[in-house]
Structure formats: C-alpha cells, structure tokens
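Participant: Predicted structure and sequence below. I'll ask about it afterward.
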Amino acid sequence: MNPEIKIRLIDPGHPREDAILEAARIVCSGGVVVFPTTSLYGLAVDASNPSAVEKVFAIKQRPVNKPILILVPDIRDIQNLVRDVPLAAERLMTALWPGNLTLIFKAGSSLPPSLTAGTGKIGIRLPVYPVARLLVHAAGRPITATSANISGQTGCSRIADLDPAIAAAVDLILDAGPLEGGAGSTILDVSEDPPVLLREGSIPQNRIFSLLRNR
C-alpha cells in the first residue's frame with residue numbers, strides 16, 4: 001500500500017474522537033473517507049454534494065444506473081430527504097433502527113440525482129456500528145455508505161484487502177481491523193405497498209414481516 005496514504009488505526013468499540021473529527025472534516029469539505037461498517041468497509045462522502053458523489057462513482061467505476069445508499073445521523077433527518085414516510089417505515093424504524101436495515105423511500109428533491117441513479121428512490125439507514133454512527137453524527141449530514149470496492153468485485157472486510165486503486169484515490173482510511181464480513185443489511189422497499197423485500201441480510205425477513213403484520 002502507498003505509504004503516503006493517510007491511515008488512522010481506530011478502536012471499533014471506542015474510536016478516538018480526533019480520528020472521527022478528522023474524517024468528518026474531510027467529508028464536509030468534499031473529500032472521500034474509507035470507514036468501517038458492521039460487515040464491510042464503505043466509502044463516505046457528503047451525500048448532499050453532487051461532485052463528491054461523482055467521486056464515489058468514479059473511484060468504484062460504478063455504473064451510473066446503480067443508486068447509492070446513505071446513512072443519516074438521526075431518524076428526524078428522513079423527513080428532509082424523502083417524499084413521504086409510510087406507516088410501515090415508521091414502525092420498522094422505531095423497532096429496528098439503529099440497525100442493519102436499509103429502507104428504500106421515494107427520494108425527495110433535495111438529493112443529488114446521481115444518488116438515485118434515475119430510480120426516484122433512495123436507500124437510507126441509521127447505522128448501529130459505533131464508528132459509522134459517530135462519523136455521520138460528527139459530519140452532521142447524510143453520508144454515502146456504498147462498499148469500498150471496484151463495482152462488481154467482492155466487498156472488503158480488511159484494509160489489507162482494499163483495492164490499491166481505491167486506497168490511492170481516497171483522502172483518509174479509518175482502519176478498525178477485520179470486520180465481521182458476511183451478510184450485509186436487509187434491504188426493504190417501503191415505497192411500495194405492501195413493502196417489497198429486495199435482500200435478506202442480517203435481519204431475517206420473518207422478523208420484518210412479523211413487525212408489519214402486528215399493527
């Protein structure tokens with residue numbers, strides 16, 4: 001790995017405040033940070049900054065027709081990002097957020113169109129992993145959370161496995177050591193009625209639909 005690449009070793013359970021604040025400053029100034037989530041490392045930029053979002057697409061060589069999910073600091077931020085919050089979404093957010101559940105909403109007009117990739121929808125999660133949660137709080141704005149890999153390749157659960165091209169293109173890497181890997185977040189489209197399960201991840205579908213039935 002290029003020795004000039006800025007890497008900060010970070011305790012996943014008790015991350016240092018200075019490392020989090022450094023990462024947040026980079027995100028807020030339009031830079032790109034590799035950061036840990038529960039299962040994989042992700043790429044964080046200011047989700048409201050169109051040029052920063054374009055950097056993510058370029059770094060990942062991601063097709064422009066593939067949307068990018070975002071993390072939010074607080075449930076209340078949802079109202080400013082989506083067209084409406086269905087009752088099903090409210091129930092799931094109350095029960096399972098923060099957590100590994102990504103909800104797909106009809107996107108509001110404030111979001112860069114590139115995030116939605118022309119779908120008119122946006123995936124949102126309130127993170128449970130300490131580093132991710134502290135980073136989005138310190139940034140004080142939604143951040144991207146797409147996996148830190150070249151599009152179509154395997155996600156990275158160790159910084160040692162990070163693609164050198166990605167490592168060379170970012171402004172900071174937060175290295176929390178090996179992550180859990182395995183299943184990512186469960187993805188549910190709540191813009192449809194009834195909601196549609198797009199991917200079963202670490203939260204099983206029977207728990208999701210049990211919560212939706214008991215209303």
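Facilitator: Yes, it's here. Because the structure is a prediction, the values reported are computed rather than measured. Residues are numbered from 1 along each chain as shown.

Participant: any chance you could map the helices in this structure?
Facilitator: With DSSP state H, the ranges of helices along the chain come out as 17-28, 50-60, 87-96, 113-116, 130-139, 164-169, 205-213.

Participant: what is Ile7 paired to in the beta sheet?
Facilitator: On the basis of DSSP bridges, Ile7 is bridged to Ile173.

Participant: Quick check, it in contact with Val170.
Facilitator: No - counting by Cβ atoms under 8 Å, Ile7 does not reach Val170; the two are 10.2 Å apart. Quick note: C-beta positions are derived from backbone N, CA and C, even for glycine.

Participant: okay, and for the protein, where does confidence drop off?
Facilitator: Filtered on pLDDT under 70, the chain yields the residue ranges 1-5, 181-182, 215.

Participant: tell me the centre residue of the chain?
Facilitator: Most central in the chain under Cα atoms, centre = their mean is Ala145, positioned 2.3 Å from the mean C-alpha point.

Participant: out of Ile7 and Val170, which sits in the busier spot?
Facilitator: The neighbour count for Ile7 versus Val170, taken as other Cβ atoms under 10 Å, is higher for Val170 (23 against 16).

Participant: My guess is that one contacts Val32. True?
Facilitator: Yes - Val170 is within contact range of Val32, at 4.5 Å (criterion: Cβ under 8 Å).

Participant: State the phi and psi torsions of Ala117.
Facilitator: phi 50, psi 40 (degrees, to the nearest 10).

Participant: can you tell me how far it sits from Asn65?
Facilitator: Using Cβ to Cβ, to the nearest Å, we find Ala117 at a distance of 5 Å from Asn65.

Participant: Comparing the two, which residue is more hemmed in?
Facilitator: Here Ala117 and Asn65 are set side by side on neighbour count (other Cβ under 10 Å), and the busier one is Ala117, at 17 against 8.

Participant: Need the nearest residue in space to that one, chain neighbours excluded.
Facilitator: Pro67 (4.0 Å; Cβ to Cβ, 6 or more residues apart in numbering).

Participant: Go ahead and confirm the one you found touches Thr116.
Facilitator: Yes - Pro67 lies in contact with Thr116 (Cβ under 8 Å); the separation is 5.2 Å.
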